[in-house]
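[1] Here is a sequence together with a model predicted from it:
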Amino acid sequence: MIRRTLNLGAGLLLGLALVAANTAAARTLSMSGQWFQNRGPLVDIPNNGGPTACGAFAGTPGVLQDGCVNNFRPANGGIPAAAQTISVTGGSPANFSIVDNAAFSQVGGPANRATVPVVGIPTVIQLASQFSLAGPALTTALGGGGAAAFQANAWSNDPRQIADGRLVKNFTWCPPGGACTGGIGTSLGAYQAVIKYTEGPNAFGGTMAMMLSNTAVVSIRVATPAPSGPRVLHQLVGALGNPPSPQMGGGGYANARTIQLNDGPLHLNYTVPLPCTSMFGQPIAPVGCGIIGAQGPQIATLPGSQNKDWGMPWITGTVYLKNLGSTGPDSTTTFSVMGSDSRTGAGVGTITMVAGATSQRIPSTNHFSALEVVTMTFAPTATPALSAPAILALVSLMVLAGGYMVRRRFVPTH
C-alpha cells in the first residue's frame, strides 16, 4: 500500500509539472529597445542629433547595441521602442512576435525638421530630415500581412524568406542578380557590391522593415574648377503626403526596390563655418560646423536620379557588407558586424539583430552599404494570473493530493 501511495504522489507531481508547463508555454514579457539605421559610413535616418564619436568599433555586443559603427553613433540614440508587451514562446532560444505597427516610431514633419552635417562621405555636406518613421511593417506585402515573428532557423521557417527564394543558411550575394563571380575581394558583380551572411549557432532571426514617410533634403557637393569653388546641389528625397514605404534592410531575402530622387537646384557656391573639423573618424567641431552658412545664387536645376536598393533579413550572426570605391570621390564602404543574444531560456534579457542592404545610384556610379541594427531588452511583467482551466486543474489536483495524504495517514499498512 505504501508503494501505491508513493506512486500516486509521483503522478501528482508530474501532473502539477504538466499544468505549470502548459501555462508557461505562451507568456508575456515587456520590451524596450532602439532601432538604428546607417547609410554609408554614417547617414543617420532620422538624424537624431547627427553623428558623434563613440570610439573604434571592436565588434563587441555592447558597442553595437549602442549603434556605434565605424566610430560614430547618433548623438540622441536610435528610433525608440514604445513600451509594450510581447508574446514569447518556447525557450533556448525563445521565439517572440511583434504585432504593433508602431512598435518603433519617431514623428517627423516640418515641425520636427532637423539639419545635421554628414561626415565620412565627401560628396554629401548635410542632411535636413523631416522623415517620419514607424515599424515594423506588418500590414504590407513586405511584412507578410501579419505579426513579425522571430525564431530559430528563420532562414528555413520564415515564410517571407522562403517566398523570396532563400535556399541556404549562409550566403554571399551580389546585386543585381545575386551572382558573385569571384567572391569577396575580386569581382563583385555588375555594381561592385557584396552582402555576405554567416548565421549564428541557432540561425535566429526574422523579417521586419522600418516604414518611412515625409521628406528630407540631401545637400551634395559638386566639384567645379576654380575660381568659383565647389557648388551645392539640394536634392529632395520623398514627397509631401507620400505614403509610408518600407526600407530594404530587415525585409525579405534579396528584396528590392527603385526610388526616384527629384530634380534639385544647383547653387554657384557655398560656405560653412570655419575652422571646421569633419574628417572621417573624428567628431565634428565646433558645434554647428559642417552646416551650410551661406550659398550663392541658383544657376541651374539638375535632373533627378534613381536609387536601386537591395536588402536582407535580420540575424544574430555576422553581416559583411562591401561596396568598392566608385569612379567619384566616395571611398569604399565596408561593414562587418555581429549580433548577439544574451537572453535566458525563458526569453528574458537582451538580443541584438543586424541586417544589411546595398544601394546603387543611377545614372552615376555612386553607391554605398547600409546597415540596420535593432536591440531589444525583454523583462518579466507582473506575475500573470492563471487561466480558469489552469486554476480548476490545480484545485482538482490539490483536492486529490489532500485525499491521498489522509488515506496514507489512516489506512493500515500491515
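    Received the coordinates, thanks. Residues are numbered from 1 along each chain as shown.

[2] For residue 307, which residues are in contact?
    Residues in contact with residue 307, defined by CB atoms under 8 Å, 6 or more residues apart in numbering, are 258, 259, 261, 359, 360, 361, 362. To be clear about C-beta, it is placed using only N, CA and C from the backbone, and glycine gets the same treatment.

[3] Report the contact partners of the last one.
    Contacts were defined as CB under 8 Å, 6+ apart; by that measure residue 362 touches 305, 306, 307, 308.

[4] What does the pLDDT read for the second one?
    As predicted, residue 306 sits at a pLDDT of 83.

[5] sec struct for it, please.
    Following DSSP: H, G, I helix; E, B strand; the rest coil, residue 306 is assigned to strand.

[6] please renumber so the chain begins at 360
    Understood, numbering begins at 360; the last thing we discussed is residue 665.

[7] ok, it touching residue 619?
    Yes - assessed by CB atoms under 8 Å, residue 665 is found in contact with residue 619 at 5.9 Å.

[8] coming back round to it: which of the contacts of residue 721 lies closest to residue 467?
    Each of the contacts of residue 721 was scored against residue 467 by CB to CB, and residue 666 proved nearest at 19.3 Å.

[9] can you tell me how far the closest one sits from residue 619?
    8 Å (CB to CB, to the nearest Å).

[10] returning to that earlier point: filter the contacts of residue 666 down to the buried ones.
    When the contacts of residue 666 are checked for burial by 16 or more other CB atoms under 10 Å, the buried set is 620, 718, 719, 720.

[11] So which of the residues you listed sit within strands?
    Among the buried ones among the contacts of residue 666, DSSP state E puts 620, 718, 719, 720 in strands.

[12] so which pair among those is furthest apart in space?
    So, those by CB to CB: farthest apart are 620 and 719, at 12.4 Å.

[13] Near the nearest residue to residue 649 once chain neighbours are set aside, how many other residues are there?
    Nearest residue to residue 649, sequence neighbours excluded (CB to CB, 6 or more residues apart in numbering): residue 476, at 2.7 Å. Using other CB atoms under 10 Å, residue 476 has 21 neighbouring residues.

[14] where does residue 476 land on pLDDT?
    So, for residue 476, pLDDT stands at 78.

[15] Shouldn't residue 470 be within a strand?
    No - counting by three-state DSSP, residue 470 falls outside a strand, being helix.

[16] For it, list the residues it contacts.
    Under the criterion of CB under 8 Å, 6+ apart, residue 470 has no neighbours.

[17] distance of it from residue 407?
    From residue 470 to residue 407 the distance is 16 Å (CB to CB).

[18] can you check residue 670 too?
    Noted for residue 670: a distance of 21 Å to residue 407, by CB to CB.

[19] Of those two, which one has the most company?
    Applying other CB under 10 Å to residue 670 and residue 407 shows that residue 670 carries more neighbours, namely 27 against 23.

[20] residue contacts, the more buried one?
    Taking CB under 8 Å, 6+ apart, we find residue 670 in contact with 568, 606-610, 613-615, 714-717, 729.

[21] please redo it, this time with the cut-off set to 6 Å
    Going by CB atoms under 6 Å, 6 or more residues apart in numbering, residue 670 touches 607, 608, 610, 614, 716.

[22] per-residue confidence at the residue nearest to residue 628 when sequence neighbours are not counted?
    In space, and not counting its chain neighbours, residue 628 is closest to residue 655: 4.3 Å by CB to CB, 6+ apart. The confidence metric pLDDT takes the value 92 at residue 655.

[23] So residue 655 is in contact with residue 625, correct?
    No - applying CB atoms under 6 Å, one finds residue 655 not in contact with residue 625, separated by 10.0 Å.

[24] who's more crowded, those two?
    A count of neighbours by other CB under 10 Å puts residue 625 above the other of residue 655 and residue 625, at 17 against 14.

[25] who does that one bridge with?
    Beta-bridge pairing for residue 625 (DSSP bridges): residue 592, residue 659.

[26] how close does it get to residue 659?
    Using CB to CB, residue 625 is found at 4 Å from residue 659.

[27] likewise residue 739?
    Where residue 659 is concerned, residue 739 sits at a distance of 61 Å (CB to CB).

[28] How about residue 529?
    Distance, residue 529 to residue 659, by CB to CB: 48 Å.

[29] before we move on, what about residue 619?
    For residue 619, the distance to residue 659 equals 19 Å [CB to CB].

[30] Repeat that for residue 393.
    Distance from residue 393 to residue 659, by CB to CB: 41 Å.

[31] These two: which has the busier surroundings?
    Using other CB under 10 Å as the criterion, residue 393 and residue 659 rank with residue 393 on top: 20 against 11.

[32] What sits closest to that one if chain neighbours are left out?
    That would be residue 437: by CB to CB, 6+ apart, it lies 3.6 Å from residue 393.

[33] Does the one you found touch residue 392 like I think?
    No - applying CB under 6 Å as the test, residue 437 and residue 392 come out as separate, 8.5 Å apart.

[34] more crowded one of those two?
    Higher neighbour count among residue 437 and residue 392: residue 437, with 23 against 20, using other CB under 10 Å.

[35] what sits against that one?
    393, 394, 395, 426.

[36] Which of those fall in strands?
    393, 394, 395.

[37] circling back: just the contacts of residue 670 now: which is nearest residue 708?
    For these, the minimum distance to residue 708 (CB to CB) is 24.0 Å, reached by residue 608.

[38] Need the three-state assignment for the closest one.
    Classified using three-state DSSP, residue 608 is coil.

[39] That one: neighbouring residues, count only.
    Look at residue 608: counted by other CB under 10 Å, it has 29 neighbours.

[40] dump the residue contacts of it.
    Listed by CB under 6 Å, 6+ apart, the contact set of residue 608 reads 670, 714, 716, 729, 731.

[41] Pull the most distant pair out of the residues you listed.
    For the contacts of residue 608, with distances taken as CB to CB, the pair at the greatest spread is 714 and 729 (9.0 Å).

[42] neighbour-wise, which of these two wins?
    Between residue 714 and residue 729, residue 714 has the larger neighbour count (other CB under 10 Å), namely 30 against 26.

[43] Quick check: mean pLDDT of the helix or strand harbouring the more buried one?
    Here residue 714 sits within strand 708-721, counting by DSSP states H and E. Taken as a whole, strand 708-721 has a mean pLDDT of 91.
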